[in-house]
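All I have is the shape, not the residue letters:
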């Protein structure tokens, strides 16, 4: 006999056939998703067909409407005396300050005809080779020079250096560089009225190594106007007067 009672086949609490198998629920979800995609595609196709059946919208014209022509006479062009570009495109030597009456031309400028070429100007640098390369980078165009000596008291040299300024502002760079080297120890410096960033530099003592020279004292000025850098060098038997060199600079800048 069995150890325990055997439940009858009619007991509702007993196990039934197929108990524990999961029900298959994926097919209805796939059908719904497919219907949604088909609906979206059908909507897009319908929208394309509707848009294709419409007339194209006209675009606004690309050309600007004709402007009304102004009345009256056009302004007159500036005369050459007022047009700075016309002045600087002419003979650069004509813009140099004229030598005072009764003064002598300095010996080192005799035969120069007022011009200083690239090699000659580079030769005035402490390192001519570096100066030559630097002037090429700054787009050196041409240089005009003049100078004179006054009664054995002092000598003056004026240089106008013009740059092409197609890719770099050569005149501004030259002015900045000149002032950098001029502003060494042992000098007094002042701004030049009416020149923006122009400055005058006057040495307090004779230049070392020039004690036996007729003009051992030095002064210089650096300014610019447009594409032209202005350099003025003064050598004196005594300390150069600030007012004298400033006056020379101001008169030279007026000619530009």
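The structure has been received and is ready for your questions. Just so we're clear, the structure is a prediction, and the values are computed from it rather than from any experiment. Residues are numbered from 1 along each chain as shown.

if I pick residue 110, what's in contact with it?
For residue 110, the contact set (CB atoms under 8 Å, 6 or more residues apart in numbering) is empty. (C-beta placed from N, C-alpha, C; glycine too.)

do that again at 10 Å, thanks
For residue 110, the contact set (CB atoms under 10 Å, 6 or more residues apart in numbering) comprises residue 147.

which other residues reach stretch 175-184?
Stretch 175-184 has contacts (CB under 10 Å, 6+ apart) with 125-126, 134, 138, 161, 169, 189, 195-203, 218-225, 228-231.

Please give the centre-to-centre distance between it and its chain.
20 Å (CA atoms, centre = their mean, to the nearest Å).

which parts of that stretch are buried?
Neighbour counts using 16 or more other CB atoms under 10 Å place 175, 178, 179, 182 of stretch 175-184 among the buried residues.

between the residues you listed, which is closest to residue 241?
Closest approach between the buried residues of stretch 175-184 and residue 241, by CB to CB: residue 182, at 17.2 Å.

Okay, and which of the contacts of stretch 175-184 map to helices?
By the criterion of DSSP state H, membership of those in helices covers residue 134.

which among the contacts of stretch 175-184 end up buried?
The buried subset of those - by 16+ other CB under 10 Å - is 134, 138, 161, 195, 198-203, 218-225, 228-231.

So which of those belong to strands?
Among those, the ones falling in strands (DSSP state E) are 161, 199-203, 218-225, 228-231.

Which residues are in contact with residue 121?
By CB under 10 Å, 6+ apart, the neighbours of residue 121 are 115, 128, 131, 132, 135, 140, 142, 143, 145, 159, 161, 231.

where are the low-confidence patches of the stretch 51-200 of the chain?
Within the stretch 51-200 of the chain, the stretches with pLDDT under 70 are 63-67, 77-88.
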